[in-house]
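[1] Pasting the sequence and the predicted coordinates here, then a few questions.
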Amino acid sequence: SQQGEEDPQALSIQEGENATMNCSYKTSINNLQWYRQNSGRGLVHLILIRSNEREKHSGRLRVTLDTSKKSSSLLITASRAADTASYFCATDAGTGANNLFFGTGTRLTVIP
Amino acid sequence: GAGVSQTPSNKVTEKGKYVELRCDPISGHTALYWYRQSLGQGPEFLIYFQGTGAADDSGLPNDRFFAVRPEGSVSTLKIQRTERGDSAVYLCASSLTQVSGELFFGEGSRLTVL
């Protein structure tokens, strides 16, 4: 079963705009990760945030984590057409092991 | 360097047949994971290995599904008596350790059961 849910399910923006995706999860966690998947391809890791962190940056990506609300957000700034993909959050469900449980994904379309 | 390799990339089979899907992880990665992804959904955890042993197989849907990793490297996911509902993309991933880190995914094996 899915651990989390992303919101919105689909997002369409113009190139240069910012894109924000949200993730809610159900159990306690040790860390939360975000992955990207181009259509028909495997998943690619973007960023990992630990449960004792509140915010993390990597290039144009900014991730926040609120463990009290069991939620996370992924912000992509200055979006590009190449950012078009599905984005998934994943958690370890508090096990500390690496068998991750993924959300349902947000399909992002960036219009050139 | 080589990434996670999965074969075949596409498999079409008939209901009731037996199927094997292979995963070759990144060299040196001790942990290996199998996921199943249906259209429009996120990956669903099936099983993961630490070395040769299955550390958690709680995601396998029923006893028609089985996976092995006899030498702690290559893994095979085996599906017996396939059903149309087994149609999905089967993703394999590996990681350096089994503790809280990045997973490296293969491109997946698309299984279609007619």
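    Alright, I've got the coordinates.
[2] So what's the residue count around the nearest residue to B:Ser73 once chain neighbours are set aside?
    Excluding its sequence neighbours, the residue lying closest to B:Ser73 (C-beta to C-beta, 6 or more residues apart in numbering or on different chains) is B:Pro25, at 6.6 Å. For the C-beta atoms, the positions are set from N, CA and C on the backbone; glycine is no exception. Neighbourhood size, B:Pro25 [other C-beta atoms under 10 Å in any protein chain shown]: 27.
[3] same check, this time on A:Gly94
    A:Gly94 has 13 neighbours, counted by other C-beta under 10 Å.
[4] now swap in A:Asn38 and tell me
    A:Asn38: 12 surrounding residues under other C-beta under 10 Å.
[5] Tell me the bridge partners for the nearest residue to it once chain neighbours are set aside.
    Spatially, and ignoring its direct neighbours in sequence, A:Asn38 is nearest to A:Ala85 (5.0 Å; C-beta to C-beta, 6+ apart). Going by DSSP bridges, A:Ala85 is paired in beta bridges with A:Leu108.
[6] Ok, B:Asn10 next?
    In beta-bridge terms (that is, DSSP bridges), B:Asn10 pairs with B:Arg110.
[7] re the thing from before, doesn't B:Phe105 make contact with the residue nearest to B:Ser73?
    No: using C-beta atoms under 8 Å, B:Pro25 makes no contact with B:Phe105, being 10.5 Å away.
[8] Determine the residues that are contacts of both of those two.
    By C-beta atoms under 8 Å, 6 or more residues apart in numbering or on different chains, B:Pro25 and B:Phe105 have these common neighbours: B:Val4, B:Cys92.
[9] Check which residues of stretch A:16-33 are buried.
    For stretch A:16-33, a neighbour-count test (16 or more other C-beta atoms under 10 Å in any protein chain shown) marks A:Ala19, A:Thr20, A:Met21, A:Asn22, A:Cys23, A:Ser24, A:Tyr25, A:Ile29, A:Asn30, A:Asn31, A:Leu32, A:Gln33 as buried.
[10] what's near enough to touch the third one?
    With contacts defined as C-beta under 8 Å, 6+ apart, A:Met21 is in contact with A:Glu6, A:Asp7, A:Pro8, A:Leu11, A:Ser73, A:Leu74, A:Tyr87, A:Thr106, A:Leu108.
[11] Cross those residues against strands and list the overlap.
    Judged by DSSP state E, the subset of the contacts of A:Met21 located in strands is A:Glu6, A:Asp7, A:Leu11, A:Ser73, A:Leu74, A:Tyr87, A:Thr106, A:Leu108.
[12] Nice, that's everything, thank you.
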